[in-house]
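Student: predicted model follows, preceded by the sequence.
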Amino acid sequence: MKNFQSGRFVQQRHYKSFQPKPINRAWAVDDMALLQLLGQADRELGRLDMYSEYIPNIDLFIRMHVLKEATQSSKIEGAQTSMEEALLEMEDVAPDKRNDWEEVQNYVAAMNQAVAKLQKLPFSARLIRETHRTLMQGMRGKQKQPGEFRHSQNWIGGASINDAIFVPPVHTSIGELIADMELFVHNDQQFFPELLKAALVHYQFEAIHPFLDGNGRVGRLLITLYLVSRGLLKQPVLYLSDYFERNRQLYYDNLMRVREKNDLLQWFKFFLVGVIETARSSTATFDHVLKLQKQVETQLQTLGSRTANAQKVVYYLYQRPVVNAAKVGKAAGVSPASAYKLIADLERFGILKEITGGKRSKLYVFDAYLKLFK
């Protein structure tokens, strides 16, 4: 990596675009500090993967992980939607926040669809394009060529291309660069640690910036998809957007440092620290979820004949922890009057908390559970 060259800046008419070098080649890692971090990251990721195998109904909790990732990844791009708001139905969201809400919902749908498609499709340009199409559906994205690599120049930062912070490569080279990245992903002839591959794929994708819009969100989403596709994770339970959001300037600076100073080593270290911190945090979250489950189950056993219906409601709450009386009634299969009795029971136990303060159209949150993901 000492001789790594990220690419070159090419003079266009009134600006310089960055032309990345191909990454599908032989790599050698000889930095001991990096190898030490890599060992830690591998252990923490393996522990998280093993932990997720033994959690009953893991799909319930993955949904919350995806939702957190969606809100944080969208936040990096300027969308302001909290997890509570993301859990609402559109009609319950303030009109001025519905575009941001829609972006988060699209991210959730894109991740879920992409993970499902990995059963039939490899990690590929096709998968990336189809994921982008889902991500960009709706009002904000329909003019941004959803599912298509761009046919014109884009740029990052600045009021115009002339004062941009970064100008990606010309659109005519996107096909070749993405094909090279795809070959690199599936190159099993030349060994390179998978976590470093994931880091390099993310960097290269962001350097190429192949879409008119949505590149940051797709690039971060690809990290999890890569780990699942290569078997490092059996379930999509690691998401780095929260780490990137908390270290947003470092995230951007380290990506730019690779392009301008060929410092891939610092990017790798930043990325691996993120894997270590996030894997530990995710493992701890699952541990807290299991403890909360036991506590809630013990409380529900005291309800006698209403226990079974209360259990149905709580099962629903693990998927959607913000509810109203109608949803409680539907989840339990009971009348409105019985639904309100169940709500009163769950409020008494501290499981549900009313958050609207109104006499009508009340909303309730499974507060202790939601806090585990915030």
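Tutor: Alright, I've got the coordinates.

Student: shaky segments in the protein?
Tutor: Where the chain drops to pLDDT under 70, the residues are 1, 139-141, 358-359.

Student: can you show me the strands along it?
Tutor: Counting by DSSP state E, the chain has strands at residues 7-11, 16-20, 322-323, 353-354, 364-365.

Student: of all these, which one is nearest Ser173?
Tutor: Ser173 sits nearest to strand 16-20 of all these, at 6.8 Å, using CB to CB. Any C-beta I mention is one placed from the backbone N, CA and C, and that applies to glycine too.

Student: in the closest one, what's buried?
Tutor: Residues Ser17, Phe18, Gln19, Pro20 are the ones in strand 16-20 that count as buried (16 or more other CB atoms under 10 Å).

Student: ok, back up a step: okay, the strands of the chain in JSON lines with distance to Gln249 next?
Tutor: Formatted as JSON lines, the strands of the chain follow (distance: least, CB to CB, whole Å):
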{"stretch": "strand 7-11", "distance to Gln249": "22"}
{"stretch": "strand 16-20", "distance to Gln249": "20"}
{"stretch": "strand 322-323", "distance to Gln249": "32"}
{"stretch": "strand 353-354", "distance to Gln249": "35"}
{"stretch": "strand 364-365", "distance to Gln249": "32"}
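
Student: what's the closest of these to Leu127?
Tutor: That would be strand 16-20 among the strands of the chain, by CB to CB, at 20.4 Å.

Student: check which helices and strands that closest one is in contact with.
Tutor: Judged by 3 or more CB pairs under 8 Å, 6 or more residues apart in numbering; DSSP states H and E, strand 16-20 is in contact with strand 7-11, helix 194-208.

Student: paired strands for it, with orientation please.
Tutor: Applying DSSP bridges, strand 16-20 is found paired with strand 7-11 (antiparallel).

Student: buried residues, the strand it pairs with. List them.
Tutor: Applying 16+ other CB under 10 Å to strand 7-11 flags Gly7 as buried.

Student: now the angle from that strand to helix 194-208?
Tutor: Orientation of strand 7-11 against helix 194-208 (axes from the mean of the first three to the mean of the last three CA atoms, to 10 degrees) gives an angle of 0 degrees.

Student: just checking, Met256 touches Phe166?
Tutor: Yes: taking CB atoms under 8 Å as the definition, Met256 is a contact partner of Phe166 at 6.7 Å.

Student: looking at these two, which one has more neighbours?
Tutor: Of the pair Met256 and Phe166, Phe166 is the one with more neighbours under other CB atoms under 10 Å, namely 21 against 18.

Student: can you pull the contacts of the more buried one?
Tutor: Phe18, Trp155, Ile156, Gly157, Met256, Arg259 (CB atoms under 8 Å, 6 or more residues apart in numbering).

Student: distance to Asn57 added to the residues you listed, as CSV?
Tutor: Listed next are the contacts of Phe166 as CSV, based on distance: CB to CB, whole Å:
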residue, distance to Asn57
Phe18, 46
Trp155, 45
Ile156, 41
Gly157, 44
Met256, 42
Arg259, 44
